[in-house]
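Trainee: My questions are about this predicted structure, shown below with the sequence.
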Amino acid sequence: MGLVVYNTMSRRKEPFQPRDEGKVSMYVCGPTVYNYIHIGNARAYLVFDIVRRYLAFKGYEVEYVQNFTDIDDKIINRADQEGKTPAEVASLYEEAFLEDMESLNIRPPTIMPRATETIPDMIEIIEGLVSKGYAYASEGDVYFSVAKFKDYGKLSGRSPDELNEVGRVEASGLKRNPMDFALWKASKPGEPSWDSPWGPGRPAWHIECSAMSLKYLGMGFDIHGGGQDLIFPHHENEIAQSEVFTGERPFVRYWMHNGFVNIMEEKMSKSLGNIILIRDIITRYPPDVVRMLVLQTHYRTSIDFGPDALDESQRAYERIENCVFGLEGLLANITSKVAPVRTEREIALIDFFFDAERRFEEAMDDDFNTARAIGVIFELVKELNTFVDEQQILQSPGGPIVANQGMDLLLKLCRILGLLEPAAAECEETAAEWEEDHIPSPDVLIDLLLEVRTLARSKGEWQTADLIRSRLHDLGVRIDDLREGVRWKFT
RNA sequence: GGCGGCGUGGCCAAGUGGUAAGGCAAAGGUCUGCAAAACCUUGAUCACCGGUUCAAAUCCGGUCGCCGCCUCCA
């Protein structure tokens, strides 16, 4: 069973075969840096982060390019409002974007080019299009002549004729045809501008992605991703520009588009003003919870982001965490590494592990069906929890070893999706620093408190015991009393 | 108007020909000083109508309802 990917171009799932064996080249439309990103934007970057991680898990070497659109009308407007230069605005929100990505534990793309650093490449493409007769200059602007490109509309399922009938397209005097789109825009006085054969100006939006993807990945790269709202006109225009300029096709082998995040059954978008910023979410929820929200729904289905959505995801996520917590408790008592004879129950459980891993990969191979994959993870969680419960009574010699195997699998599957990644190295560093400075670490102090609490409990001094528990809880330390003792963790 | 998608238990959500994964919530139970966690038990004829088939949530036709794109937008 190999990986199949839904291709927007063919509107069906296709076996995935990259251009170069063992390598995957992917491009995802990055942000226009004029504002903080919201949960809807973040979904796209999470989805393609998961795609990228899974491809890496499958053994592909992944080259992942994501651009910054750092020159655009919206940036200029924003700059005017805030009394800053466009470059300042772009730089500010680019920084914020990177922070947001990091806070969501999204792996950085391999290359993140900026539009303003790719302008010579854009001019070269535009010149090529003009010389081939597919683009024309008009008072300092340059437009692509859509009617000349026969394949126009093949991605979005539209024909140029239909588009012509739509009266909503602005009929600009500079365009020969209402649906022609800009490649280059003449700058107004005071606006950022670059010299070009058509006078000072700046690139239009669509040309950026063609230039940057072609520059770093070349024609016919594997995956081009983005939100469904980019299908038309953005990606349609990219195809037109790129295929005409290079004279080759296809521009892209697999087009992938993620569904939206809706709020109150309505699309979340900056223009509607119903946005929820990542920076606000992340102060209230751990990054894995946001990721869980995205994982629980197939990437092409829209997510309705209700007021309880994140809370539900949090509970679900905690179920996995609790399972690991329980396993760790069991494994703390591990004495021998020698594999003893396994019970029938343990052999059956190991069979279940293999089966779960197989079903997980099958789900992900089916167009990155994370919802199904998460389902498999929860089935595994249930089996492991049951086993841990049993072990608290049975304490069979092979138990911890099988449990350890189960935990390895659970962590492996979660980490493929970007969940439960090992705590950053900084935690260990901190612990080492404590020791170096001869200051007792929090861990040691908590253990001490729990010792006192255990003593209090043994004497039936419940008030003292409960005070310690509730005060620690307020400080973010969770305590569970189990048969074999107390366990704790930071929440 | 054109293109696309959706309608599955209280909520979210997989499943696209063989009698419905999973999560959240709820109720009862086990465990427990209490709490937390965990485990067990309880629930859907898959919007509606008609058709194809031995067999349909799943295919075909129709009806109703919702959403997105067609303008910047993930």
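Mentor: Perfect, I can see it now. Keep in mind the model is a prediction, meaning the values are calculated, not measured.

Trainee: From the structure, what's the count of residues near the residue nearest to A:Leu482 when sequence neighbours are not counted?
Mentor: Among residues not flanking A:Leu482 along the chain, A:Gly329 sits closest, at 6.3 Å (CB to CB, 6 or more residues apart in numbering). Every residue, glycine included, has its C-beta placed from N, CA and C. The local packing count at A:Gly329 equals 20, with neighbours defined by other CB atoms under 10 Å.

Trainee: Show me how far the helix or strand containing A:Gly329 is from its chain's centre.
Mentor: Assessed by DSSP states H and E, A:Gly329 sits inside helix A:309-332. Taking CA atoms, centre = their mean, to the nearest Å, the mean C-alpha location of helix A:309-332 is offset from the chain mean by 22 Å.

Trainee: Pull the residues that contact the very next helix or strand once past that helix.
Mentor: Helices and strands here follow DSSP H and E; after helix A:309-332, the next one along the chain is helix A:344-365. Residues outside helix A:344-365 that contact it (CB atoms under 8 Å, 6 or more residues apart in numbering) are A:1-4, A:54, A:342, A:369-370, A:372-373, A:375-377, A:379-380, A:383, A:387, A:390, A:396, A:398-399, A:402, A:405-406, A:409, A:413, A:416.

Trainee: Are any of these buried, and if so which?
Mentor: Among these, those buried by neighbour count (16 or more other CB atoms under 10 Å) are A:3, A:54, A:342, A:369-370, A:372-373, A:376-377, A:380, A:383, A:387, A:396, A:398-399, A:402, A:406, A:409, A:413, A:416.

Trainee: OK, now which residue of chain A is nearest to RNA strand B?
Mentor: At 1.7 Å from RNA strand B, A:Gly227 is the closest residue in chain A, using CB to the nearest atom of the strand.

Trainee: now that residue, nearest residue through space, not along the chain?
Mentor: By the measure of CB to CB, 6+ apart, the closest residue to A:Gly227 outside its immediate chain neighbours is A:Ala44, 5.1 Å from it.

Trainee: Ok, A:Pro113 next?
Mentor: Using CB to CB, 6+ apart, the closest residue to A:Pro113 is A:Met212 (4.8 Å).

Trainee: and if you look at A:Pro108?
Mentor: For A:Pro108, the spatially nearest residue (CB to CB, 6+ apart) is A:Met101, at 7.1 Å.

Trainee: Buried residues, whichever strand or helix holds the one you found. List them.
Mentor: Secondary-structure element containing A:Met101, defined by DSSP H and E: helix A:86-103. In terms of neighbour count (16+ other CB under 10 Å), helix A:86-103 has its buried residues at A:86, A:89-94, A:96-97, A:100-101, A:103.

Trainee: neighbouring contacts of it?
Mentor: Under the criterion CB under 8 Å, 6+ apart, residues A:31, A:33-37, A:42, A:45, A:68, A:70-71, A:75-76, A:78-79, A:82, A:84, A:108, A:114, A:116, A:191-192, A:278-279, A:282, A:287 lie in contact with helix A:86-103.

Trainee: after it, next one along is what?
Mentor: With DSSP H and E, the next secondary element past helix A:86-103 is helix A:119-131.

Trainee: looking at it, A:Tyr36 is touching A:Arg279, isn't it?
Mentor: Yes: judged on CB atoms under 8 Å, A:Tyr36 makes contact with A:Arg279 at a distance of 5.8 Å.

Trainee: more neighbours, the two?
Mentor: A:Tyr36 (19 against 14).

Trainee: The more buried one and A:Arg114, how far apart?
Mentor: 18 Å (CB to CB, to the nearest Å).

Trainee: repeat for A:Phe57
Mentor: Using CB to CB, we find A:Phe57 at a distance of 30 Å from A:Arg114.

Trainee: Between those two, tell me which one has more neighbours.
Mentor: The neighbour count for A:Phe57 versus A:Arg114, taken as other CB under 10 Å, is higher for A:Arg114 (19 against 15).

Trainee: Apart from its neighbours in sequence, what residue is nearest A:Glu435?
Mentor: Using CB to CB, 6+ apart and skipping the chain neighbours, the partner closest in space to A:Glu435 is A:Ser441 (7.0 Å).

Trainee: surely that neighbour meets A:Asp447?
Mentor: No: counting by CB under 8 Å, A:Ser441 stays clear of A:Asp447, with 9.6 Å between them.

Trainee: Which positions in the stretch 151-300 of chain A make contact with RNA strand B?
Mentor: Taking CB under 7 Å from any atom of the strand as the measure of proximity, the stretch 151-300 of chain A contacts RNA strand B at A:156-158, A:162-163, A:166, A:168-169, A:179, A:181, A:205, A:226-234, A:258-262, A:265-271, A:296-298.

Trainee: tell me which element A:Thr386 falls in.
Mentor: Short version, using DSSP H and E: A:Thr386 is in helix A:370-394.

Trainee: list the helices and strands that helix packs on?
Mentor: Counting contacts by 3 or more CB pairs under 8 Å, 6 or more residues apart in numbering; DSSP states H and E, the secondary-structure elements packed against helix A:370-394 are helix A:287-295, helix A:309-332, helix A:344-365, helix A:399-416.
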